[in-house]
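Peer 1: Quick one, fold the following:
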Amino acid sequence: MANHLTTKALTLNNDHQKCISALLKDVSADLEKMKTKDCSKDNSLHRLPSTCFELIRSLPGNKSCVDCKAKNPDWASVSYGALLCMNCAAKHRSLGVNYSKVRSLTMDHWSAQQILKMLEGGNQQLRMFFERHELMENNANRYFTKAARFYRRGMDQHVEKLAKRPYEGRKASRSGYSCSSNDRQQKQEQSISTLCCT
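Peer 2: Numbering: from 1, shown residues only. Modelled structure (predicted):
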């Protein structure tokens, strides 16, 4: 009986890995199409591909607004790679584009680099960053801090490097960093698994 359960668990894990690989492959293909569709424009804009939408929504913490925790946010702060509800998106727009660039997941058009920021960011990641810098109080002032500026610049630099090659997922993009991202990757894989394998 125990042997049967082990075999079943291994089969489920293999299916899980195949599902994740297929979704990441589709996301990568969609991003590459966006990059090559109009080579004459550096930042040509396109509708958010459904594969990217699914992956962004599945990231840890992205089921609720990064600021107020309202469910099913449909707006994004591209500057932070975070999802927002409509009310918080309006507040972010009032901060100015130097502090937070806001887009709708469903109505706006996106560049490949903006999508990469969303794929590499995530609400849980931003919340953890703010927590480490003792900026958990939910007010707009935290977006004017040196820590927030450091986060924005870091995202820009990270995505600039990623944009030069096909996207292989968060684990691959962070493999060169010394910090341990295994726990975050496992959580992302679990959320992707829930999304595409149920």
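Peer 1: Distance of the residue positioned nearest the centre of the chain relative to Ser77?
Peer 2: Nearest to the mean C-alpha position of the chain, by CA atoms, centre = their mean, lies Leu119 at 2.9 Å. Using CB to CB, to the nearest Å, Leu119 is found at 14 Å from Ser77. For the C-beta atoms, the positions are set from N, CA and C on the backbone; glycine is no exception.
Peer 1: Can you name the residues in contact with the helix or strand encompassing the residue nearest to the centre of the chain?
Peer 2: Using DSSP states H and E, Leu119 falls within helix 112-120. The contact list for helix 112-120, computed with CB atoms under 8 Å, 6 or more residues apart in numbering, reads 27, 31, 34-35, 43, 48-49, 52, 55-56, 59, 76, 78-79, 81, 103, 155, 158-160, 162-163, 167, 170, 173.
Peer 1: and what of stretch 121-139?
Peer 2: With CB under 8 Å, 6+ apart, stretch 121-139 has contacts from 59-62, 64-68, 80-83, 142, 145, 147-148, 151, 155, 184, 187.
Peer 1: Pull out the buried residues from the contacts of helix 112-120.
Peer 2: Neighbour-count burial (16 or more other CB atoms under 10 Å) applied to the contacts of helix 112-120 gives 27, 31, 34-35, 48-49, 52, 55-56, 59, 76, 78-79, 81, 103, 155, 158-159, 162, 167, 170, 173.
Peer 1: so who does Trp110 touch?
Peer 2: Leu45, His46, Arg47, Leu48, Arg103 are the contacts of Trp110 under CB under 8 Å, 6+ apart.
Peer 1: dump the residue contacts of Ser104.
Peer 2: Asp74, Trp75, Ala76, Ala89.
Peer 1: Keep only those of the residues you listed that are in helices.
Peer 2: Ala89 (DSSP state H).
Peer 1: Among the contacts of Ser104, filter down to the buried ones and hand me the PyMOL syntax, if you would.
Peer 2: Restricted to buried positions by 16+ other CB under 10 Å, the PyMOL selection for the contacts of Ser104 reads:
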select buried, resi 75+76+89
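Peer 1: from the contacts of Ser104, which is closest to Ala22?
Peer 2: Ala76 (24.5 Å; CB to CB).
Peer 1: give me the low-pLDDT residue ranges for the protein?
Peer 2: Residues of the chain meeting the criterion pLDDT under 70: 1-13, 16-17, 37-43, 175-198.
Peer 1: go again using 50 as the cut-off
Peer 2: 40, 178-181, 184-185, 188-189, 191-198 (pLDDT under 50).
Peer 1: Just the helices from it, written as ranges.
Peer 2: Under DSSP H, the chain gives helices at 2-37, 50-58, 86-95, 112-120, 123-132, 146-162, 170-173, 182-196.
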